[in-house]
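1. Provide a 3D model corresponding to the input given below.
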Amino acid sequence: MRHELKINRSLAFVHAALSAIAFTAMSSAMAQSAYPAKPVKLVVGFAAGGPTDVVARAFADHASKALGQPFIIDNKPGAGTIIAAQAVASAPADGYTLLFGATNHTMIPALYQGRVKFDAVKSFRPLCTVAGSPTVLVVALSLPVKTLADYQAKARAEPGRVTAGTAGVGSSGHFATEVFARAQGLQLNHVPYKGAAPVVTDLMGGQLDSSFATLGSVLPQIKSGKLRALAVGASQRSALVPDVPTFAEAGGGNYAADVWYGVLAPAGLPEPIAQALERTAADFAKSEPVAEKLRSMGMEPESVCGNAFAGRVAQEVTTYSQIAKALDLKTD
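-> You can find the predicted model right below:
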């Protein structure tokens, strides 16, 4: 009798445990299927008003309407976007804290290795890119060059004399400059600034020779004739500056350098939530009003999702780390 009682108690315990597991799984599935059930925080590693913030706000507006809950922008600028990335990496993987990032995210390991508490690849699940902006080589009107070939010839004839301004050491423009210079065997004089705006000012004033800049940051000056664009770092010409050749067309090899803007989540995000967010991001990139808004800022809609986006992030982290090591790039 005692033996049967023990068995019955054991069976009851197992039954209760299995019921609890089943209930937990069912509750989790229900929670995921109802996503989002509350507002979603979209963390941006830049101040309000910049290109990443503007695209993030446009995406937040679209996602709020598509998914029925507010997507709230949380600007956390500073430290090369580390503050924002850390906030998302340490958040629960439940879809309610997301990172709206840019190419700068993949430069973190190159510049701050050993000084961050997260892994730019393993701590995140890349969902989708939503926009991209190619790099364009622009020169001051005072620089006596008309083509990319002229620019390269001058740089070779005067090693270290042709200045190339960027938004700072370790910025996307800095990496773009060094990649091209190394590929072509050029010695350019890198001049780091604190932001893109002063670079454009000095280019127009003739105090600076050139810059590998994102198209959006110099599009008005190109269109108004205040700066001369020599080549676009993309696989094909940009519809925004159709008369500007690609680097390949202009004799610059297969050089390409573009900036992506996209959505990432903490690692471990449940698949149903990831799929819902990927669909939303893909629909955003397909929207014609969105495309018009992006093009007005020198960007193009772009949708690279899931494994393809994850692969791109991993590859960029490796590439930028190698470049930083070769150039001995350091940050304060």
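2. can you map out the strands along the stretch 101-250 of the chain?
-> Assigned by DSSP state E, counting those that start in this stretch, the stretch 101-250 of the chain shows strands spanning 124-140, 163-166, 189-192, 210-214, 227-233.
3. Now tabulate the ones you listed in CSV and tack on mean neighbour count.
-> Glycine gets a C-beta too; all of them are placed from N, C-alpha and C. CSV is the format used below for these (neighbours: other C-beta atoms under 10 Å):
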stretch, mean neighbour count
strand 124-140, 26
strand 163-166, 24
strand 189-192, 16
strand 210-214, 29
strand 227-233, 24
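4. May I see those strands organised as JSON lines, with distance to residue 289 added?
-> As requested, the strands of the stretch 101-250 of the chain are exported to JSON lines (distance: least, C-beta to C-beta, whole Å):
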{"stretch": "strand 124-140", "distance to residue 289": "13"}
{"stretch": "strand 163-166", "distance to residue 289": "33"}
{"stretch": "strand 189-192", "distance to residue 289": "37"}
{"stretch": "strand 210-214", "distance to residue 289": "22"}
{"stretch": "strand 227-233", "distance to residue 289": "25"}
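5. Any chance of TSV for those, columns mean pLDDT?
-> What follows is the strands of the stretch 101-250 of the chain, written out as TSV (pLDDT from 0 to 100):
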stretch	mean pLDDT
strand 124-140	96
strand 163-166	95
strand 189-192	93
strand 210-214	94
strand 227-233	96
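6. So which of the ones you listed is nearest residue 295?
-> Nearest to residue 295 among the strands of the stretch 101-250 of the chain is strand 124-140 (9.9 Å), distances taken as C-beta to C-beta.
7. So which of the strands of the stretch 101-250 of the chain is nearest residue 107?
-> strand 163-166 (12.5 Å).
8. Give me the below-cutoff pLDDT ranges for the stretch 201-332 of the chain.
-> Scanning the stretch 201-332 of the chain for pLDDT under 70 picks out 330-332.
9. the helices in it, which residues?
-> 215-223, 271-286, 288-296, 306-327 (DSSP state H, counting those that start in this stretch).
10. who wins for proximity to residue 94 among these?
-> helix 271-286 (7.5 Å).
11. Now the closest one - C-alpha only, PDB.
-> The C-alpha coordinates for helix 271-286 follow below in PDB (Å, rounded to 0.1, in the frame of the first residue of the first chain):
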ATOM      1  CA  GLU A 271      11.400  33.300 -33.900                       C
ATOM      2  CA  PRO A 272       7.700  34.400 -34.200                       C
ATOM      3  CA  ILE A 273       8.600  37.900 -32.900                       C
ATOM      4  CA  ALA A 274      11.600  38.100 -35.200                       C
ATOM      5  CA  GLN A 275       9.500  37.200 -38.200                       C
ATOM      6  CA  ALA A 276       6.900  39.800 -37.300                       C
ATOM      7  CA  LEU A 277       9.500  42.500 -37.100                       C
ATOM      8  CA  GLU A 278      11.200  41.400 -40.300                       C
ATOM      9  CA  ARG A 279       8.000  41.500 -42.200                       C
ATOM     10  CA  THR A 280       7.300  45.000 -40.800                       C
ATOM     11  CA  ALA A 281      10.800  46.200 -41.800                       C
ATOM     12  CA  ALA A 282      10.600  44.700 -45.300                       C
ATOM     13  CA  ASP A 283       7.200  46.400 -45.800                       C
ATOM     14  CA  PHE A 284       8.600  49.700 -44.700                       C
ATOM     15  CA  ALA A 285      11.400  49.500 -47.200                       C
ATOM     16  CA  LYS A 286       8.900  48.700 -50.000                       C
END
